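Enquirer: below is the sequence, then the predicted model.
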Amino acid sequence: MKLATLRLDGATRAVKLDGDVLVDLGVPDVGTLLAQDDWAERAASATGTTYAVDGADFAPVVPAPSKVVCVGLNYRNHIQEMGRDLPEHPTLFAKFADCLIGAGDDIVRPEETEQFDWEVELAVVVGKQVRRARGAEAEAAIAGFTVLNDITCRDWQFRTREWLQGKMWDSSTPVGPYLVTPDELPGGVRPSLDVRLLVDGEVMQSDTTGDLLFDPVALVEYVSTVIRLNPGDIIATGTPGGVGHARKPQRYLVGGETVVTEIEGIGRLENRVVKETSV
């Protein structure tokens, strides 16, 4: 199944893709749906009101996750381009719900940064509460996958040894448009999918999730060891090589660009970069 959160008349609705229409699932958003133990059966059998896919206004696929855990340095080629050794353990940082925007929303470039960068990422969406999950339990906790662009203010990221301040900027991180369940993807909960990111039509990143150092199941195991994972929580699995910061010369988003972030079998984000207007 492909699930999404649709904006409609100032509200949101959880929907599933059925051919060329979106079927209403009877709850406000995908996060609310996933909180129900029988969410998969409910979604599969839904036959509610339908909306056109064409022109749909997608909210973040989970608008208000209890947490967004991100993984840095998880593709071998990106680790190498950043001049680092392969890590023994996942490098974790966080984002917040206020960071998230929809699949077609503008990315707001803060006036405080001169190094605004892109990162295509496969994101795990959690479907059940787990703590210290292992093996089959970790696999079963994965509701599906979505697309995320981990937009980063590099000059803020590297102000200190901790990355959070470069990663958590308001209204900067598109995620969606769909949650795709593992049964629809080659490799299931360990999918092998092509990922790409383009800036104004130029390919900047192109790789496969088969290059991940720590796969989605391993990440659910690791993160849930530290903290409880709840339905709707998101784990961004890291980015491949090709980020602007590692290029020679370096390249950054200045405003006015169109950034396309896409993952095979899951979907596509298309966002225009706009300069923040001072309040």
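Expert: Sure thing, it's come through.
Enquirer: buried set for the worst-scoring helix or strand of the chain on mean pLDDT?
Expert: Within the chain, no helix or strand scores below helix 76-81, which has a mean of 76 by mean pLDDT, DSSP states H and E. For helix 76-81, the neighbour count (16 or more other C-beta atoms under 10 Å) marks H78, I79, E81 as buried. All C-beta atoms are positioned from the backbone trio N, CA, C, and that covers glycine.
Enquirer: for stretch 23-39, same thing?
Expert: Buried residues in stretch 23-39 (16+ other C-beta under 10 Å): V23, D24, L25, V27, D29, V30, G31, T32, L33, L34, W39.
Enquirer: over to stretch 103-111?
Expert: So, applying 16+ other C-beta under 10 Å, buried residues of stretch 103-111: A103, G104, D105, I107, V108, R109.
Enquirer: Serialize those to JSON lines and add fields for distance to V175.
Expert: Shown next, in JSON lines, are these (distance: C-beta to C-beta, whole Å):
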{"residue": "A103", "distance to V175": "8"}
{"residue": "G104", "distance to V175": "12"}
{"residue": "D105", "distance to V175": "10"}
{"residue": "I107", "distance to V175": "12"}
{"residue": "V108", "distance to V175": "15"}
{"residue": "R109", "distance to V175": "18"}
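Enquirer: using the three-state scheme, assign the residue nearest to Q157 when sequence neighbours are not counted.
Expert: Spatial nearest neighbour of Q157, excluding adjacent residues (C-beta to C-beta, 6 or more residues apart in numbering): G166 at 2.5 Å. Following DSSP: H, G, I helix; E, B strand; the rest coil, G166 is assigned to helix.
Enquirer: from V195, how far out is the residue lying closest to L198 once chain neighbours are set aside?
Expert: Distances taken as C-beta to C-beta, 6+ apart place V260 nearest to L198, at 4.5 Å, with adjacent residues excluded. Distance of V260 to V195, computed by C-beta to C-beta, to the nearest Å: 12 Å.
Enquirer: who has more neighbours, those two?
Expert: Taking other C-beta atoms under 10 Å, V260 and V195 do not tie; V195 has more neighbours (23 against 18).
Enquirer: so who does the more buried one touch?
Expert: V120, E121, L122, Q205, S206, D207, T208, T209, P240, E262, I263, E264 (C-beta atoms under 8 Å, 6 or more residues apart in numbering).
Enquirer: just the ones of those in strands?
Expert: Counting by DSSP state E, the part of those found in strands is V120, E121, L122, Q205, S206, D207, T208, E262, I263.
Enquirer: I'd say the fourth one and V243 touch.
Expert: Yes: counting by C-beta atoms under 8 Å, a contact exists between Q205 and V243, whose distance comes to 7.2 Å.
Enquirer: anything in contact with each of these two?
Expert: With C-beta under 8 Å, 6+ apart as the test, Q205 and V243 both reach W118, E119.
Enquirer: tell me the bridge partners for the residue nearest to the spatial centre of the chain.
Expert: Closest residue to the average C-alpha location of the chain: L148 at 2.6 Å, with C-alpha atoms, centre = their mean. Legend: beta-bridge partners of L148 under DSSP bridges are E121, V175.
Enquirer: is it correct that it is in contact with T239?
Expert: No: using C-beta under 8 Å, L148 makes no contact with T239, being 9.4 Å away.
Enquirer: so what sits against both of those two?
Expert: Both L148 and T239 are contacted by E121, under the criterion C-beta under 8 Å, 6+ apart.
Enquirer: format the CA atom coordinates belonging to stretch 198-207 as PDB.
Expert: C-alpha atoms of stretch 198-207 as PDB (Å, rounded to 0.1, in the frame of the first residue of the first chain):
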ATOM      1  CA  LEU A 198      18.600  16.800  -8.600                       C
ATOM      2  CA  VAL A 199      19.100  20.600  -8.400                       C
ATOM      3  CA  ASP A 200      17.500  22.500 -11.300                       C
ATOM      4  CA  GLY A 201      17.600  19.200 -13.300                       C
ATOM      5  CA  GLU A 202      21.300  18.400 -12.600                       C
ATOM      6  CA  VAL A 203      21.900  15.100 -10.900                       C
ATOM      7  CA  MET A 204      23.800  15.700  -7.600                       C
ATOM      8  CA  GLN A 205      23.300  12.400  -5.800                       C
ATOM      9  CA  SER A 206      22.700   8.900  -7.300                       C
ATOM     10  CA  ASP A 207      23.100   5.600  -5.500                       C
END
